[in-house]
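# Sequence first, predicted coordinates after that:
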Amino acid sequence: MAQPRIPFRRLATLTTLAALPPTIVLGVLALMSRLDWHVAVGSVAISILMLGWMVRRGLGDVYRILEFSETLARDGEGDLPAQDMSGLFPEFTEAVTRLQQAWGRDRGLLDARANSAETILESLPQPLVLLNENRQIVRATAGANQLFGDTAVGRDFSSLIRAPKILEAVDDVLAGAGDQLIEFDIEFPSVRSINAQIQRLSAPAADGSVLVITLFDVTEIKMVQKMRTDFVANASHELRTPLSVLSGSIKTLQGPARGDLEGQKKFLDMMEQHTTRMTRLIDDLLSLSRIELNAGMVPEGTVDLYAVLSNIVVMLEVPAGRRNVTIELQPGLGIRHITGDEVEISQLFQNLLDNAVKYSNENTTVSIGLRETVRPVSAGRDKEVEYLEVSVSDEGAGIPAEHIPRLTERFYRVDTARSREMGGTGLGLAIVKHIVGRHRGILDIQSVEGQGTTFTVFLPVSSEKTA
Ligand code: ADP
């Protein structure tokens with residue numbers, strides 16, 4: 001039985017006090033010669049011993065409960081050694097045990113609640129940072145870690161975001177200003193546009209948090225918005241030129257060229273040329289939006305690639321002949337079918353071959369190569385897929401390396417005047433990119449200035465293999 005430390009003075013005082021009445025009674029009896037002195041002294045000694053033993057046991061219980069409550073206060077948990085209790089006051093022991101059980105239950109419940117709140121907070125994909133009164137990070141969610149890298153607790157908020165705009169706003173709210181909603185840009189760890197909502201908690205949290213900063217990464221949204229406005233501006237600009245030529249020509253035909261047959265023919269030819277350009281532009285815009293609309297749906301048809309390419313070669317014979325360009329389609333394929341949308345696949349290669357003929361030098365050859373190949377779905381991925389690889393090579397002026405990454409942007413041209421002169425809309429390669437994407441394919445562009453360009457398209461033989 002473990003004994004608690006009982007101060008001796010307390011034990012002695014209590015025992016003395018308890019033994020005082022029998023000692024007085026026995027002393028008086030001895031004085032009155034009613035009791036033998038030896039018997040009186042012996043009885044006093046026995047009562048002192050017995051009372052001392054009882055007081056010691058009682059005090060032991062009290063000190064055990066004291067030790068238990070101190071441990072509970074200090075460590076938040078502890079056990080009352082019920083087996084060591086004297087049994088002198090069983091109700092007392094039972095009451096303390098019940099209290100201990102109730103405390104354990106409440107604490108378990110509280111711990112579980114705190115743990116689940118912690119888990120939810122930390123795994124939130126939404127970037128969220130909690131700050132204390134000194135602007136130090138108290139807590140950050142997984143989303144915040146992802147956005148900013150390291151969000152070590154205890155560091156000043158400025159070590160996370162250096163943008164003065166948000167730091168000022170945080171200082172203002174800490175100084176007592178109302179909640180704030182601001183937008184700012186960061187350059188590290190990557191360039192991003194962020195919206196931040198800074199709110200003061202209605203009361204400081206137990207961990208010292210007083211401010212909650214909710215962050216929204218709006219980079220993609222802004223990029224899409226910008227792309228939309230750029231697109232509308234570019235499309236309007238592309239349509240404005242032929243429209244002004246048409247209206248100018250109509251005015252000329254109604255006025256100065258009236259009766260001038262030669263002039264009329266010139267203007268009517270010009271009108272036809274620009275109408276064709278507008279029609280082509282609108283056709284390309286419609287194709288682009290149709291392909292974009294279907295972007296999420298994997299095509300299901302079967303396409304005979306060799307047959308598609310042969311048809312396009314026949315179609316392009318006349319324009320190619322005008323520039324004395326020969327188109328060579330290499331035969332000899334084991335597999336020639338892929339899973340895809342025939343109309344889109346035709347458009348893809350028509351655009352590439354049309355460009356190859358347009359931008360190659362006169363009296364040269366455009367060659368179309370076909371082969372089966374196996375390669376990873378994308379760089380760094382283990383999964384390998386069986387593709388049909390179609391390359392379109394020309395012997396034109398080539399494309400300077402700095403333009404290649406942007407070629408598939410809408411309306412992007414290396415030489416705008418030349419493209420327009422050739423009847424280009426600036427949308428051909430954007431359409432190519434979207435069709436290749438929808439077919440889970442890969443587009444590669446290689447060019448050597450002064451020698452020519454090769455566009456290579458990898459199309460999966462079976463679309464579900466890339467999913
Ligand atoms: P465009 O209607 O102007 O041809 P595209 O989207 O098809 O528009 O092509 C974008 C630009 O890429 C073209 O304006 C041209 O500058 C360049 N380009 C495309 N294909 C070739 C090629 N085979 N050789 C050289 N430049 C090319």
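Cool, the structure landed.
# how long is stretch 295-311 end to end?
With C-alpha to C-alpha, to the nearest Å as the measure, the first residue of stretch 295-311 is 26 Å from its last.
# in it, what counts as buried?
Residues of stretch 295-311 classed as buried by neighbour count (16 or more other C-beta atoms under 10 Å): 298-299, 303, 305-306, 308-309. For glycine as for every other residue, the C-beta is placed from the backbone atoms N, C-alpha and C.
# Those residues of the stretch 251-400 of the chain touching the ligand, which are they?
The stretch 251-400 of the chain has residues 351, 355-356, 359, 394, 396, 399 near the ligand, with proximity defined as C-beta under 6 Å from any ligand atom.
# what's the closest of those residues to Val436?
Among these, Asn351 lies closest to Val436 (C-beta to C-beta), at 10.9 Å.
# Which residues are in contact with the residue lying closest to the closest one once chain neighbours are set aside?
For Asn351, ignoring the flanking residues on the chain, the nearest one in space by C-beta to C-beta, 6 or more residues apart in numbering is Gly428 at 4.1 Å. By C-beta atoms under 8 Å, 6 or more residues apart in numbering, the residues touching Gly428 are 284, 351, 354-355.
# could you check the distance from Phe458 over to the ligand?
18 Å (C-beta to the nearest ligand atom, to the nearest Å).
# cool, and Ala142?
Taking C-beta to the nearest ligand atom as the criterion, Ala142 is separated from the ligand by 41 Å.
# Quick check: closest non-adjacent residue to that residue.
Ser123 (5.4 Å).
# So what's the residue count around that neighbour?
Ser123 has 10 neighbours, counted by other C-beta atoms under 10 Å.
# Tell me the predicted confidence for it.
On the pLDDT scale, Ser123 is placed at 79.
# Mind listing the strands the lengthiest strand in the chain pairs with, and their directions?
Ordering each strand of the chain by length in residues (DSSP state E) puts strand 365-376 first. Paired neighbours of strand 365-376 in the sheet (DSSP bridges): strand 326-329 (parallel), strand 384-393 (antiparallel).
# Compare those and give me the one nearest Val313.
Comparing those against Val313 with C-beta to C-beta, the closest turns out to be strand 326-329 (5.0 Å).
# and the closest one, what's its mean pLDDT?
Regarding strand 326-329, the rounded mean pLDDT is 96.
# which of the residues in it are buried?
For strand 326-329, using 16+ other C-beta under 10 Å, the buried residues are Ile327.
# centre of the chain versus it, how much separation?
Distance of strand 326-329 from the chain centroid (C-alpha atoms, centre = their mean, to the nearest Å) equals 47 Å.
# Convert the C-alpha atoms of it to PDB, please.
Below are the C-alpha coordinates for strand 326-329, written out as PDB (Å, rounded to 0.1, in the frame of the first residue of the first chain):
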ATOM      1  CA  THR A 326       4.800  18.500-104.000                       C
ATOM      2  CA  ILE A 327       3.100  16.600-101.100                       C
ATOM      3  CA  GLU A 328       4.400  13.200-100.400                       C
ATOM      4  CA  LEU A 329       2.500  10.800 -98.200                       C
END
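# got any ranges where the stretch 151-300 of the chain has weak pLDDT?
In the predicted model of the stretch 151-300 of the chain, no residue satisfies pLDDT under 70.
# Please work out which residue of it is closest to the ligand.
The minimum distance from the stretch 151-300 of the chain to the ligand, using C-beta to the nearest ligand atom, falls at Asp284 (8.0 Å).
# Name the helix or strand for that residue, please.
Secondary-structure element containing Asp284, defined by DSSP states H and E: helix 261-293.
# partner strands of the helix or strand following that helix, parallel or antiparallel?
Of the helices and strands lying after helix 261-293 in sequence (DSSP H and E), the nearest is strand 302-304. Each strand pairing with strand 302-304, determined using DSSP bridges, is listed with its direction: strand 337-339 (antiparallel).
# And the strand it pairs with, what's buried?
338-339.
# Just the residues of the stretch 251-400 of the chain next to the ligand: which are in helices?
Those of these mapping onto helices are 351, 355-356, 359, per DSSP state H.
# Touching, Leu174 and Pro204? I think so.
No - in terms of C-beta atoms under 8 Å, Leu174 does not count as a neighbour of Pro204; the distance is 11.9 Å.
# any idea of the pLDDT on the spatially closest residue to Gly143 that is not a sequence neighbour?
For Gly143, the nearest residue in space outside its immediate sequence neighbours is Pro127; the separation is 4.0 Å by C-beta to C-beta, 6+ apart. Per-residue pLDDT puts Pro127 at 90.
# Next: Leu407.
The pLDDT attached to Leu407 in the predicted structure is 95.
# Over to Gly332?
62.
# same check, this time on the one 5 residues further on
At His337 the predicted local confidence, pLDDT, stands at 89.
# Which strand residues bridge it?
Listed beta-bridge partners, His337: Asp304 (assigned using DSSP bridges).
# mind checking how far it is from Gly301?
His337 is 10 Å from Gly301, where distance means C-beta to C-beta, to the nearest Å.
# hang on, the earlier thing: just put the contacts of Gly428 in a markdown table and tack on neighbour count and distance to Thr219.
Putting these into a markdown table (neighbours: other C-beta atoms under 10 Å; distance: C-beta to C-beta, whole Å) gives the following:
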| residue | neighbour count | distance to Thr219 |
| --- | --- | --- |
| Asp284 | 22 | 29 |
| Asn351 | 22 | 30 |
| Asp354 | 19 | 35 |
| Asn355 | 23 | 32 |
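# between those, which is closest to the ligand?
Top of the list for closeness to the ligand, among those and by C-beta to the nearest ligand atom, is Asn355 at 3.5 Å.
# Gly426 is in contact with the closest one, correct?
No - shown here, Asn355 and Gly426 do not form a contact pair, counting by C-beta under 8 Å, at 11.3 Å.
# For the ligand, give me its nearest residue in the stretch 1-150 of the chain.
Taking C-beta to the nearest ligand atom, the ligand has its nearest neighbour within the stretch 1-150 of the chain at Leu147, 34.9 Å off.
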